[in-house]
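Engineer: just the structure for this:
(2 chains)
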Amino acid sequence: MTVIDEDLAGRVLKSALAKGGDFADLFVERRRVYNLRLEEGKVEENTSGWEAGAGVRVIRGEAVAYAYTNDLSEAALEETARAAASAARAGTSAPVDLEKPLCRLPVLDRHPVDVDIEDFPREEKIALLHRADQAAREAGREVIQVVVVLGDARQEITVANSLGEVVSDNRVRVRLVVQAVAARDGEIQTGHESPGILGGYELFQEFPPERAGREAALQALTMLEARPAPTGPMTVVIANGTGGVLFHEACGHGLEADAVYKRASVFAGKLGERVASDLVYAYDDATLTKRWGSFCYDDEGVEASRTPLIEEGILRNFINDRKRAMRDGVAPTGNGRRQSYRFIPIPRMTNTYIQAGTASREDIISDTRLGLYARKLGGGEVNPVTGDFIFAVTEGYMIRGGRLAEPVKGATLIGNGPRVLLDIDAVADDLDFDTGMCGKDGQAVPVCTGQPTLRVRELVVGGIAEVS
Amino acid sequence: MEERRGLLDLAEEWVERGRSLTGPDVDLEIYVQESRGLTVKVYGRQVEGLRYSRSRGVGVRALKEDRLGYSYCTGFHPRDVERAVREAAENARFSAPDEHNLLPGPTDYAQEDLGIYHPETEDMPSEDKVDLALRLEGLTIAKDPRIRRVETAVYADAVSEVALANTLGVSGSYRSSDCHCYVFPIAEEGGESQTGFSFDLGVRPSELDLERVAEEAAERALCLLGSRSMPSKRMTLVLDSFVASEFLGMLAAALSAEAVLKGRSFLAGKLGEEVASPQVTVIDDGLLVGGSATAPFDDEGVPCRRKEVIDRGVLLSYLHNMYTASRSGTVSTGNASRSSFRERPRVGASNLFLQPGKGTREDLIRSVGEGVLVLQVVGAHAGANPVTGEISLGALGLRIRNGEVEQPLREITLAGKALDFLRNTVAVGEDLRFLPFEGSLGAPTVVVEGVMVSGRG
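Structural biologist: A predicted model of the protein is given here:
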């Protein structure tokens, strides 16, 4: 596959740097998407789309100029390059050798697709939605609504840059999202499940749609039994899998080098220092085979890597893009990502997780006298400057006398990222991952969050009831 | 004007040509969108990012025997549009039939000037727009020595044209310009940092009031310095207009007839009922002059209009497109909405706002006596659930005592039910503001009684 030829790319880069600059690149993308949505037991949305576009970027010092177009003709690319160049103001710039020929890096095939999206018939895709829907409805009579969304996409990118490299990466992704709604006596609860893969329809051999449907429904049904969550500070055990979203939001974003540079991170200036309890080992790893957040090359053509973030509680690395690597004088970590050709690449997480420890989940719970067991977390928000965060607990239970007790609803976790890391006092051996779309600066990219079951000594739980 | 006619010509031509590809038993809708924009991001008194965008695309909706298919492509190349037409028709074959899948027929659209386009947005040189963003940052930092820096200052604009045509004879186009600016200053003192925010929006850059944005943003950061949590307590809240607008986003989602029909709205089954206090009147006005969601027709070609959705507490109407209206036995309210040519139209608010009452924010704070002024909420996406109506949000604000704001607050949460918030709304101020994000939502300062505020200490 080649989206653009080297000679044309070379000419475009030359135009981009015509008025100076330290670095320029051209990003060309073709994407085919197919989306199905089932609601009320019917396929109500059946959409396919084709995107083609290119963006030209010029970096000079801290400034980035970017221009994009849907038109891949040479004339349009030249015009786009001139728009990006016009932003470069007079001044010095690093010498860039545009005379040497562009060199194509090997296309890597580390995430083989077993059942390709074009080889899997439309009828069978639709059947997957019905299977998930039926399983959810069979989980209980109180399931009143099920929404199933199936999306597949093939994205082919080529990046050519003024370092003389041309890199291509092909990504096929499939994801199923199930939302179940259950109701009783006017009360409504929801449950979610969302298996996804960097790969093809083999996803459903490992994770049948019935399982996604049933688990989403059981979550909603369980929460119908829930009592209002208590309010106040308490010990919180966060379950494996979706719990990783808390580390992602409350700490991960603070480890992105652009936030660090802007001091919009509580971790700025803390490399080599203790930032977490010594039980904590955390990584960002885009090389994990066929994980939703993986790739072979990032959106700047840097090879994917595994970056230690925290080891034995000590802050090891930040994750960066090319600009921050160049400006900060460090090696690129392969975290330059973008939603599409319409956006500039910025430092982003890929698959981010806390590594498994040695405790067992059962021991952690039996060792907790009174607390909250957060089995599923919903979305959350974080103030990057202070590290303060809030998360919704979408499936939660009380822990009483070392045992899981009644489910509780309406709970939120309120705390501070760095303080939580220091307050982790137990880490289990059951690492699991969940898929998500991470938003930053208006761009959404596929990520995995992961963690084993772990315990935080104290968090504020925002609920509506008194603790009893 | 030449160019505008051009886009509509393309839409009409493809409706014709599309029909010849798919046969007469397929109804087609062609939505053509073209936009140009510039975003300037400033940091540390330098341009951090400039983004020029040029985007065009075509969305095709096909209806065959009550079955709906959709497809889109970028660019206007006839080969790509033809593929999209064929694919939309093919997708329709595999969808479930639904008699309520309907395209609108032709109607006359508003002829008056809606105030949604000004050539200045296109004509102003990029350097002047860059200067706007730099000036905004400079003005903000100059407000107070404790404002050491600005996390980001942004100027952004877009000029777009939309043309829509279908096989039933709908045909229309319009052009609009939007610009906005915003700034996030960081106030620092004694090792503590707090982020502020403010913005302005309009149809032309010279309308933006940078001085006011800088002043408000700085004040919103500074007033939070020295914050701490507070013990849990049931309190009266004064929701600042930015915060009230965010809450309105939750209401907008619940007002969608699509959400109602599909059991995903806490307002389902409540038509004609008192869902809020008499202080609450909510209006959706697709023809609001100068509004950022204003247009002569909605995203499937139904004329936009103004309607009261909640009148003095009584829920009068949901927001409808053709599909939801047919299913509910009513007519479309002109609220078909799509974020771009990539999506088929669904339901969305246009300019949705809480009708202003009397009194400034200060008046309302004085009248409340004891309570919390809420300046920021965090977790609105996760913690304000339009399906269940449950609200559980982190918040920052100021404690109100004796009618004055005092101790800044952080690490507190607000929890309750949306209907209780609506029913316990005891006052609405006069200071209506529209937010530039997530559509066009506007609210004044709002006073809500008896909300559970949780914290520590």
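
Engineer: please name every helix or strand in contact with the helix ranked longest in chain B.
Structural biologist: Looking across chain B with DSSP state H, the single longest helix is helix B:2-22. Applying 3 or more CB pairs under 8 Å, 6 or more residues apart in numbering or on different chains; DSSP states H and E, we find helix B:2-22 packed against strand B:26-43, strand B:46-64, helix B:78-93, strand B:147-166, strand B:171-189. Where you see a C-beta, it was placed from the backbone N, CA and C, and this is true even at glycine.

Engineer: and the ones you listed as a markdown table, adding mean neighbour count?
Structural biologist: Output for those, formatted as a markdown table (neighbours: other CB atoms under 10 Å in any protein chain shown):
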| stretch | mean neighbour count |
| --- | --- |
| strand B:26-43 | 22 |
| strand B:46-64 | 23 |
| helix B:78-93 | 20 |
| strand B:147-166 | 22 |
| strand B:171-189 | 22 |
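
Engineer: of those, which is nearest B:Phe247?
Structural biologist: strand B:171-189 (19.6 Å; CB to CB).

Engineer: what is the closest one packed up against?
Structural biologist: Using 3+ CB pairs under 8 Å, 6+ apart as the test, strand B:171-189 ends up in contact with helix B:2-22, helix B:120-123, helix B:126-141, strand B:147-166, strand B:192-195, strand B:198-202, helix B:210-222.

Engineer: turn the helices and strands packed on helix B:2-22 into JSON lines, including mean pLDDT.
Structural biologist: Formatted as JSON lines, those follow (pLDDT from 0 to 100):
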{"stretch": "strand B:26-43", "mean pLDDT": "96"}
{"stretch": "strand B:46-64", "mean pLDDT": "94"}
{"stretch": "helix B:78-93", "mean pLDDT": "96"}
{"stretch": "strand B:147-166", "mean pLDDT": "95"}
{"stretch": "strand B:171-189", "mean pLDDT": "96"}
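
Engineer: so which of those is nearest A:Val143?
Structural biologist: Nearest of the helices and strands packed on helix B:2-22 (CB to CB): helix B:78-93, 27.8 Å.

Engineer: what angle separates the closest one from strand B:26-43?
Structural biologist: 120 degrees (axes from the mean of the first three to the mean of the last three CA atoms, to 10 degrees).

Engineer: what's the angle from helix B:78-93 to strand B:46-64?
Structural biologist: Orientation check (the same axes, to 10 degrees): helix B:78-93 against strand B:46-64 gives 50 degrees.

Engineer: do you know how far the residue nearest to A:Val64 when sequence neighbours are not counted is from A:Ile344?
Structural biologist: Nearest in space to A:Val64, with sequence neighbours left out and distances taken as CB to CB, 6 or more residues apart in numbering or on different chains, is B:Gly49 at 4.8 Å. Distance of B:Gly49 to A:Ile344, given as CB to CB, to the nearest Å: 7 Å.

Engineer: list residues touching both of these two?
Structural biologist: Common contact partners of B:Gly49 and A:Ile344 (CB atoms under 8 Å, 6 or more residues apart in numbering or on different chains): A:Val64, A:Tyr66.

Engineer: what's the domain layout of the chain?
Structural biologist: Just so you know, I chose chain A. Domain segmentation of chain A under automatic domain parsing yields A:6-32+A:49-104, A:228-462.

Engineer: try chain B instead
Structural biologist: Domain assignment for chain B by automatic domain parsing gives B:2-222, B:233-454.

Engineer: deepest-packed of these, please.
Structural biologist: Among those, domain B:233-454 has the highest mean neighbour count (mean count of other CB atoms under 10 Å in any protein chain shown), at a mean of 21.

Engineer: pretty sure B:Arg146 contacts B:Cys223?
Structural biologist: No. Shown here, B:Arg146 and B:Cys223 do not form a contact pair, counting by CB atoms under 8 Å, at 11.0 Å.

Engineer: backbone dihedrals for A:Leu72, please?
Structural biologist: phi -100, psi 10 (degrees, to the nearest 10).

Engineer: how near is it to chain B?
Structural biologist: 8 Å (CB to the nearest CB, to the nearest Å).

Engineer: quick check, pLDDT for that residue.
Structural biologist: Here, the pLDDT recorded for A:Leu72 equals 92.

Engineer: number of residues surrounding it?
Structural biologist: 20 (other CB atoms under 10 Å in any protein chain shown).

Engineer: swap in the one 10 residues further on?
Structural biologist: A:Arg82: 16 surrounding residues under other CB under 10 Å.

Engineer: so it, which state does it fall into?
Structural biologist: Under DSSP: H, G, I helix; E, B strand; the rest coil, the three-state class of A:Arg82 is helix.

Engineer: contact partners for it?
Structural biologist: A:Ser15, A:Ala18.

Engineer: and for B:Thr22?
Structural biologist: B:Leu28, B:Ala62, B:Lys64, B:Val85, B:Arg86, B:Ala89.

Engineer: all set, thanks.
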